[in-house]
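>>> Need coordinates for the following:
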Amino acid sequence: MTFDLQAHRGGAGLHPENTLEAFGGALTLGVSTLELDVHLTREDDVVVSHDPALADARLIRRLTRADLPPSMPLLRDVAALLDERAARGVRLNLEIKFDAMAAAELTTRAEFVAVTLDAIRIDGLVDRTAVQCFDWGVLDLVGKEEPGVRRNLLVSPKYLKPDKDGPSRWFGGLDVAEEFLTTAAEQGFDAVSPIHGSPFLGGVDDEAYVAFADGELVDGAHAAGLQVIPYVVDDPPTMAALVRLGVDGLITNYPDRLRAVLEAEGLSLPQSFPPRNL
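Sure, this is the predicted structure:
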């Protein structure tokens, strides 16, 4: 299977994140997947944004599309860009930005999932989209409502820790085993996207670095039938180390660096889809 080179927020190290400029730049460079984040407006538009609020602290969920900056695209704008570039083989990895700790300020799991899946269906993206989330309940709902969409579990140790009064709220009521890969496989998830390690901005050349996406996790996930796509990996030495461990893909702000690493490791590179007038 081809290595999955995912441009985080379109390649946030190279262009303004989660913009059509970034996604277009990633397609011109050559990636296999555009990774992006979505929120809902007051009128249930699915907009591409990492943060739930604008710079002035107004929540996107309480605003209309007209209130948002022109640089913030709709999901349908990204779908149109893929069509414009004839990038039929490029996939989307869409993070539903549900926050289990602040759901009352945003929306419920069920509503967030239902509206997002409707948009994915309308834009004809079902067979080329994965939904990723730290919240297990969101992924559970996605599987029940649209089995054709792949499900990738974002995971780091802090989201696995129990709350003061019970299991982690990020489990969404699911009974998650201490060995979380077992439950992820039982839920029918397609992949796990673990944080690569700590400190997050470090890497294998940092003496203080401790890997989370280590060989044991990769082997265990593969044995359970899960792909492994760590996030967000930006330094070439750590990229190369993870590629050699056998991960199935990487999420990176610098897809150009990852292309160079893949080429050095003898792996095939994703096709480029530049603007048609070039």
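>>> Next up, the contacts around Val243.
Contact partners of Val243, counting by C-beta atoms under 8 Å, 6 or more residues apart in numbering, are Phe3, Leu250, Val261, Leu262, Glu265, Leu267. The C-beta positions use only the backbone N, C-alpha and C, and glycine is treated the same way.
>>> Please name the nearest non-neighbouring residue to Gln132.
Nearest residue to Gln132, sequence neighbours excluded (C-beta to C-beta, 6 or more residues apart in numbering): Asn152, at 4.0 Å.
>>> can you check Arg150 too?
Spatially, and ignoring its direct neighbours in sequence, Arg150 is nearest to Ala130 (3.8 Å; C-beta to C-beta, 6+ apart).
>>> Next: Ala177.
Thr183 (4.8 Å).
>>> Output the helix or strand hosting the one you found in PDB, but only the C-alpha positions, please.
Thr183 belongs to helix 180-186 when assigned by DSSP states H and E. C-alpha atoms of helix 180-186 as PDB (Å, rounded to 0.1, in the frame of the first residue of the first chain):
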ATOM      1  CA  PHE A 180      -6.800   1.000  23.800                       C
ATOM      2  CA  LEU A 181      -5.800  -0.700  20.600                       C
ATOM      3  CA  THR A 182      -8.000  -3.700  21.400                       C
ATOM      4  CA  THR A 183     -11.100  -1.500  21.800                       C
ATOM      5  CA  ALA A 184     -10.200   0.600  18.700                       C
ATOM      6  CA  ALA A 185     -10.100  -2.700  16.700                       C
ATOM      7  CA  GLU A 186     -13.300  -3.900  18.200                       C
END
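>>> and after that helix, which helix or strand comes next?
Counting by DSSP H and E, the next helix or strand C-terminal to helix 180-186 is strand 191-194.
>>> buried stuff in that next one?
Residues Ala191, Val192, Ser193, Pro194 are the ones in strand 191-194 that count as buried (16 or more other C-beta atoms under 10 Å).
>>> Would you state the predicted confidence (pLDDT) at Leu278?
Among the per-residue scores, Leu278 shows a pLDDT of 55.
>>> Please shift the residue numbers so they start at 32 in all later answers.
Understood, numbering begins at 32; the last thing we discussed is Leu309.
>>> now what about stretch 48-58, what contacts it?
38-43, 45-47, 65, 67-68, 79-81, 102-104, 108-109, 112-113, 116, 118, 121, 286, 303-306.
>>> now it: mean pLDDT?
The average pLDDT within stretch 48-58 is 98.
>>> Stretch 123-131 now?
Averaged across stretch 123-131, the pLDDT comes to 95.
>>> roughly how far is it from the heart of the chain?
How far stretch 123-131 lies from its chain's middle: 7 Å, per C-alpha atoms, centre = their mean, to the nearest Å.
>>> Going along the chain, name the strands of this protein.
With DSSP state E as the criterion, the chain has strands at 35-39, 64-71, 77-79, 122-127, 160-164, 181-186, 222-225, 228-229, 241-242, 258-259, 280-283.
>>> Please tabulate the ones you listed in CSV, including the columns distance to Leu172.
Formatted as CSV, those follow (distance: least, C-beta to C-beta, whole Å):
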stretch, distance to Leu172
strand 35-39, 23
strand 64-71, 15
strand 77-79, 16
strand 122-127, 10
strand 160-164, 10
strand 181-186, 10
strand 222-225, 17
strand 228-229, 30
strand 241-242, 31
strand 258-259, 21
strand 280-283, 23
